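Chemist: Dropping the sequence and predicted coords here.
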Amino acid sequence: MTMKSIARAARNRRVLAVAGVLAVLATSACSQSGNSSGSTSGAAAGGSGKAKIFVIGGKSDDPFWSKVKRGVDDAAKVVQAQGGSVTFLGPQNYDNLGPDAAKLIDSTLSQGATAVIAPDWVPDAEDSALKHVTGQKVPLFIYNAGGLPAADKVGAVNYVGSEEYTAGKAGGTYLGQHGAKHSLCVNTLPGSTNTEDRCRGIDDGIKANGGSSTELPLPSSQFGNQTAVAQAIKAALLKDSSIDSVVTISTSDAGSAVSAVQQANLTGKVKPATFDMDTATLNNIKNGTTLFAIDQQPYMQGYLSVSMANSYVAYGLNLPQRPILTGPAIIDSQNVDQALSGEQAGVR
């Protein structure tokens, strides 16, 4: 199959899966089906009444996490209508991501959480705190980062999100099938499991299609710093003329890649691409200055995680599907207009 066919099929499967999830979550009369495999976090499923849900996420001004929070907030309306509450907690910056996330996770227990939702960004730093949650018989849901293996390792009920390695491999495959020979994966959050998996997937995907990739790790303090990241990418491009594509780990750095290519006078020769998307990225795809974006549907990650946690705590509802995948999908010139419509609505 071509990459477009693969992406189309993946989107169709995802739509069907999401529809199924929403149908189950909306039907409170259904009986508890339980997990088909893995852990149930050590907490007895549901029937305990009002939920007090805590969600650990990224910075409030991070464009990606604003979409996750939009999903969290929309799902929270149902929780609040039932007398429960949802609290979103995020770090001030990403300089000390794992330890800061662990502190936020620990703080949820002292605040009386009846369910916790968190990414497993840096397992070495977070797993102890995550296991503390499940050890206290509080239902835990992993989302966004870590995948099902991380969820099972810490005793979580389920994982909601994209599988980062799979997403990276899809991007690398797309690059290779569209003529790229040497890609640069720019990682401004080195050491984070999800970003490392993304670059590893890019590498394996392009290698399987006759190309190669190099990872460019940059200090996490430069995440979203357009000038610093652009200069680092520009230097790498000028140093190695074989690089013909640049992939950034998020839209916070996507504009830096476009700027770096322009500054190096390599427009047309080097194609930028990125994980995640925003209006600027989608417009760049439309005008041809960015090749593609890899969408993991952050809105659905927030919405489904909160809906599942609430259903589990309040009614004892659970799903047999593990994990619940929200991506990946390749957004390129063929489907960018549809993605722009979702972006303008604030959910993509």
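Modeler: Ah, there it is.
Chemist: close enough to count as contact, residue 285 and residue 295?
Modeler: No: Residue 285 lies out of contact with residue 295 (C-beta atoms under 8 Å); the separation is 11.2 Å. (Each C-beta comes from the backbone N, C-alpha and C, glycine too.)
Chemist: Now the common contact residues for these two.
Modeler: Jointly contacting residue 285 and residue 295 under the rule C-beta atoms under 8 Å, 6 or more residues apart in numbering are residue 331.
Chemist: Which residue ranges of this structure form strands?
Modeler: 52-56, 85-89, 115-118, 140-143, 158-161, 182-187, 212-217, 245-248, 271-275, 293-295, 324-325, 329-331 (DSSP state E).
Chemist: what's the domain layout of the protein?
Modeler: 3-162+298-327+337-344, 164-295 (automatic domain parsing).
Chemist: For residue 297, see how far away the nearest residue to residue 75 once chain neighbours are set aside is.
Modeler: Computed as C-beta to C-beta, 6 or more residues apart in numbering, the closest residue to residue 75 that is not its neighbour in sequence is residue 306, at 3.7 Å. Remark: distance between residue 306 and residue 297 (C-beta to C-beta, to the nearest Å) = 15 Å.
Chemist: for residue 268, same thing?
Modeler: 31 Å.
Chemist: Show me which of these two is the more surrounded one.
Modeler: Using other C-beta atoms under 10 Å, the more surrounded residue of residue 268 and residue 297 is residue 297, with 25 against 9.
Chemist: And for the closest residue to the more buried one other than its chain neighbours, the neighbour number?
Modeler: Distances taken as C-beta to C-beta, 6+ apart put residue 326 closest to residue 297, at 4.2 Å, once the chain neighbours are dropped. Neighbour count for residue 326, taken as other C-beta under 10 Å: 28.
Chemist: My guess is residue 326 contacts residue 302. True?
Modeler: No: the pair residue 326 / residue 302 is not scored as a contact, 9.8 Å apart, by C-beta under 8 Å.
Chemist: so can I have JSON lines of the strands of the chain showing mean pLDDT, distance to residue 105 and mean neighbour count?
Modeler: Below are these laid out as JSON lines (pLDDT from 0 to 100; distance: least, C-beta to C-beta, whole Å; neighbours: other C-beta atoms under 10 Å):
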{"stretch": "strand 52-56", "mean pLDDT": "98", "distance to residue 105": "6", "mean neighbour count": "25"}
{"stretch": "strand 85-89", "mean pLDDT": "98", "distance to residue 105": "9", "mean neighbour count": "18"}
{"stretch": "strand 115-118", "mean pLDDT": "98", "distance to residue 105": "6", "mean neighbour count": "29"}
{"stretch": "strand 140-143", "mean pLDDT": "98", "distance to residue 105": "9", "mean neighbour count": "29"}
{"stretch": "strand 158-161", "mean pLDDT": "97", "distance to residue 105": "16", "mean neighbour count": "28"}
{"stretch": "strand 182-187", "mean pLDDT": "98", "distance to residue 105": "24", "mean neighbour count": "24"}
{"stretch": "strand 212-217", "mean pLDDT": "97", "distance to residue 105": "26", "mean neighbour count": "18"}
{"stretch": "strand 245-248", "mean pLDDT": "98", "distance to residue 105": "28", "mean neighbour count": "30"}
{"stretch": "strand 271-275", "mean pLDDT": "97", "distance to residue 105": "24", "mean neighbour count": "28"}
{"stretch": "strand 293-295", "mean pLDDT": "96", "distance to residue 105": "27", "mean neighbour count": "26"}
{"stretch": "strand 324-325", "mean pLDDT": "96", "distance to residue 105": "21", "mean neighbour count": "22"}
{"stretch": "strand 329-331", "mean pLDDT": "95", "distance to residue 105": "30", "mean neighbour count": "24"}
